[in-house]
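Trainee: Below is the sequence, then the predicted model.
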Amino acid sequence: MANTQDKFKQVISHAKEYGYIFGSSEIYDGLSAVYDYGQNGVELKNNIKDYWWKSMTQLHQNIVGLDAAILMHPKTWKASGHVDAFNDPLIDNKDSKKRYRADVLIEDYVEKLEQKAQKEISKAKKRFGDKFDEEQFVSTHPRVVKYRKQSKEILERLAKSLTEEKLADVKALIEELDIACPASGSRNWTDVKQFNLMFGTKLGASAESASDLYLRPETAQGIFVNFANVQKTGRMKIPFGIAQIGKAFRNEIVARQFIFRQREFEQMEMQFFVKPGEELKWFDYWKAQRQKWHDSLGLGKENYRFHDHEKLAHYANAATDIEFDFPFGFKELEGIHSRTDFDLKAHEELSGKKLQFYDHEEGESYTPYVIETSIGLDRMFLAVFSAALQDEELEDGSSRTVLKLPSILAPVKAAVLPLLKRDGLPEIAEKIVEDLKWDFNIAYDEKDAVGRRYRRQDAAGTPFCITVDHDTKDDNTVTIRHRDTMEQKRVKIENLKQILTEELSYKKWLSA
Ligand code: GAP
């Protein structure tokens with residue numbers, strides 16, 4: 001895979017070719033930033049959900065689940081701050097009539113400065129070879145120093161203007177940097193305006209009586225409004241958590257990068273309620289726990305990094321992103337936020353209902369503080385899928401494309417292949433499928449030469465191939481081939497279930 005753009009294109013086309021992801025309503029030319037998950041995609045997605053759900057609810061005695069509705073009382077979004085502040089700054093180009101996120105135009109400009117700096121660095125690397133001292137070079141080379149200084153100043157000014165809601169200054173910055181419309185090259189811009197990202201809809205049949213609703217932009221608020229229900233009926237004691245997986249909707253303006261930024265997506269969120277004053281201890285605990293969860297899947301430690309927020313949202317007292325090295329660079333995969341008592345207090349105020357915890361030991365009531373872990377299911381899908389997709393040169397000079405999905409997440413766990421379509425081999429293979437299908441998702445494939453079938457299963461991400469040949473008829477053994485090593489072992493048919501059970505055990509994976 002020559003460069004990151006090629007790799008990204010390969011990810012998108014492979015996801016389509018192998019039934020993982022299709023554009024939404026493609027026969028009508030699709031719907032921008034909305035995607036459908038195909039026959040393999042839905043299995044991978046469900047397996048990621050299970051892996052997260054089990055690690056949260058089954059492995060923690062003090063975390064329970066919830067499935068709140070997508071539609072919620074509109075006051076929810078007033079209390080949470082989404083009605084007033086869930087905005088993106090927009091700018092239109094008067095000539096091309098194209099609409100952009102003003103901050104993204106500026107960030108793209110900064111990205112170009114960084115690319116120029118990187119170009120200087122790689123030129124120097126080539127020139128100086130082993131003697132190259134990158135740290136010294138970037139701190140002294142005049143052009144690199146200039147690009148980096150300029151980037152820093154631009155980003156600081158942008159952050160300040162956005163925080164202080166000075167949208168005129170954001171426009172002034174676009175003009176000073178001489179940023180042109182990427183579509184037309186025109187610099188004829190409108191003013192910058194705030195645009196709310198929530199999708200609105202109506203509840204009720206007649207136009208007069210219908211009331212305005214929103215499709216939820218995050219699942220978290222379903223948890224907050226149910227805090228007292230779950231705490232009381234589950235007799236939960238602080239600290240405890242509520243986990244939820246579900247759809248969220250955002251009218252994203254810059255919707256690009258495939259399933260990374262969609263208008264309809266899924267979140268896996270967990271709100272952990274703690275005693276005030278203990279939140280930073282739990283924040284560190286959840287940072288470590290979530291990193292451990294990611295590490296257990298073996299996608300490569302080097303593909304992850306934490307990005308602590310310097311500028312915190314008004315309700316947070318600590319926040320970090322777990323970033324992943326996607327084909328287009330390191331970007332946010334998961335957020336871990338210490339949200340204080342902001343949400344519970346805001347709902348308490350607007351609803352008039354008490355959302356507190358009575359601590360029997362202390363003999364007092366208090367509003368718990370909250371640590372939130374929030375990961376986009378689709379982003380996790382993209383992380384797993386893009387890290388797994390590899391082109392390999394083999395020892396015999398040939399090459400293969402292989403999707404090295406962690407076997408615990410793979411859509412199909414094993415493919416059973418009769419070596420030939422005759423001599424009773426298909427019947428034995430079908431019997432093996434019949435035995436194993438109760439515990440595992442198993443495929444049967446008898447078309448083409450066995451080598452081609454192996455390649456097909458490698459590319460589809462199937463971790464094991466079980467081949468039935470003529471020896472099977474004599475001694476009841478088959479070969480089991482491992483996708484990643486291509487190693488083949490002869491095993492007894494009666495041991496297959498045990499072998500797959502051990503390989504695909506949640507305990508083995510989640511405690512890794
Ligand atoms: N409750 C907190 C919250 O929603 P967020 O950072 O806005 O925080 C959390 O979103 C996660 O949801 C992100 O880290 C990302 O993985 C995912 N996410 C957010 N917007 C998304 C979008 N438009 N498409 C896909 N995933 C998205």
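Mentor: Here it is on my side, so go on.
Trainee: got the residues of the stretch 201-350 of the chain near the ligand?
Mentor: Applying CB under 6 Å from any ligand atom, we find that the stretch 201-350 of the chain lies next to the ligand at 218, 220, 250, 252, 261-262, 265, 267, 269, 332-335. C-betas here are computed from N, CA, C, even on glycine.
Trainee: Quick one: buried ones out of those residues?
Mentor: Buried members of those, scored by 16 or more other CB atoms under 10 Å, are 218, 220, 250, 252, 261-262, 265, 267, 269, 333-335.
Trainee: re the thing from before, reformat the residues of the stretch 201-350 of the chain next to the ligand into CSV and put pLDDT and secondary structure next to each item.
Mentor: As requested, those are exported to CSV (pLDDT from 0 to 100; DSSP: H, G, I helix; E, B strand; the rest coil):
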residue, pLDDT, secondary structure
218, 97, coil
220, 98, helix
250, 96, coil
252, 91, coil
261, 95, coil
262, 96, coil
265, 98, strand
267, 98, strand
269, 98, strand
332, 96, strand
333, 98, strand
334, 98, strand
335, 97, strand
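Trainee: contacts for stretch 114-124?
Mentor: 132, 134, 137-138, 141, 143-144, 147-148, 151 (CB atoms under 8 Å, 6 or more residues apart in numbering).
Trainee: Same list (the residues of the stretch 201-350 of the chain next to the ligand) but as TSV, adding distance to residue 88.
Mentor: Compiled in TSV, these are given as follows (distance: CB to CB, whole Å):
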residue	distance to residue 88
218	15
220	19
250	9
252	8
261	12
262	15
265	16
267	18
269	21
332	16
333	20
334	21
335	17
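Trainee: right, and out of these, which lies closest to residue 291?
Mentor: Nearest to residue 291 among those: residue 334, at 9.7 Å, using CB to CB.
Trainee: Roughly how far does the closest one sit from residue 104?
Mentor: 21 Å (CB to CB, to the nearest Å).
Trainee: Ok, residue 111 next?
Mentor: Taking CB to CB, one finds residue 111 at 10 Å from residue 104.
Trainee: more neighbours, those two?
Mentor: residue 104 (17 against 12; other CB atoms under 10 Å).
Trainee: show me what contacts that one?
Mentor: residue 254.
Trainee: Show me what counts as buried in whichever strand or helix holds residue 228.
Mentor: If you go by DSSP states H and E, residue 228 is part of helix 227-233. Neighbour-count burial for helix 227-233, counted by 16+ other CB under 10 Å, picks out 227-228, 230-231.
Trainee: buried ones in the helix or strand hosting residue 41?
Mentor: For residue 41, the element it lies in under DSSP H and E is helix 39-53. Buried residues in helix 39-53, counting neighbours by 16+ other CB under 10 Å, are found at 40-41, 43-45, 47-48, 51-53.
Trainee: Spit out the contact partners of whichever residue of the chain sits closest to the ligand.
Mentor: The minimum distance from the chain to the ligand, using CB to the nearest ligand atom, falls at residue 376 (2.5 Å). Neighbour list for residue 376: 265-268, 333-334 [criterion: CB under 8 Å, 6+ apart].
Trainee: what sits opposite it in the beta ladder?
Mentor: Counting by DSSP bridges, residue 376 is bridged to residue 267.
Trainee: Checking residue 365 next. Helix, strand or coil?
Mentor: Secondary structure state of residue 365, per DSSP: H, G, I helix; E, B strand; the rest coil, is strand.
Trainee: for residue 319, same thing?
Mentor: strand.
Trainee: So what's the residue count around it?
Mentor: Neighbour tally, residue 319, other CB under 10 Å: 19.
Trainee: Near the ligand, which residues of the protein? Just list them.
Mentor: 218, 220, 250, 252, 261-262, 265, 267, 269, 332-335, 372, 374-376, 378-379.
Trainee: mind running it again at 5 Å?
Mentor: Contact residues, the chain versus the ligand (CB under 5 Å from any ligand atom): 218, 220, 250, 252, 261-262, 265, 267, 332, 335, 374, 376, 378-379.
Trainee: just the buried residues of helix 227-233 now: which is nearest residue 185?
Mentor: Nearest member of those to residue 185, counting by CB to CB, is residue 227, at 52.3 Å.
Trainee: Tell me which residues touch the closest one, please.
Mentor: Contacts of residue 227 by CB under 8 Å, 6+ apart are 242, 273, 344, 355.
Trainee: Check residue 223 too.
Mentor: By CB under 8 Å, 6+ apart, the residues touching residue 223 are 66, 68, 242, 244, 269, 271.
Trainee: Please name the residues that touch the residue positioned nearest the centre of the chain.
Mentor: Nearest to the geometric centre of the chain sits residue 379, at 2.0 Å (CA atoms, centre = their mean). Neighbouring residues of residue 379 by CB under 8 Å, 6+ apart: 259-260, 324, 332-334.
Trainee: Mark which of the contacts of residue 227 are buried, thanks.
Mentor: Buried among these (16+ other CB under 10 Å): 242, 273, 344, 355.
Trainee: so how far is residue 462 from the first one?
Mentor: Taking CB to CB as the measure, residue 242 and residue 462 are separated by 36 Å.
Trainee: max-length helix in this structure?
Mentor: helix 102-128 (DSSP state H).
Trainee: Packing partners of the helix or strand that it is followed by?
Mentor: Next along the chain after helix 102-128, taking DSSP H and E as the criterion, comes helix 134-140. Contacts defined by 3 or more CB pairs under 8 Å, 6 or more residues apart in numbering; DSSP states H and E place helix 134-140 against helix 102-128, helix 142-163.
Trainee: Show me what counts as buried in the longest one.
Mentor: I take that to be helix 102-128. 102-106, 109-110, 113, 117, 120-121, 124.
Trainee: that older thread, am I right that the residue nearest to the centre of the chain falls within a helix?
Mentor: Yes. Judged by three-state DSSP, residue 379 forms part of a helix.
Trainee: which SSE is residue 345 in?
Mentor: Secondary structure from DSSP H and E places residue 345 in helix 342-351.
Trainee: what comes into contact with that helix?
Mentor: For helix 342-351, the surrounding residues in contact (CB under 8 Å, 6+ apart) are 75-76, 78-81, 220-221, 224-225, 227, 314-316, 353-356, 367-368, 370.
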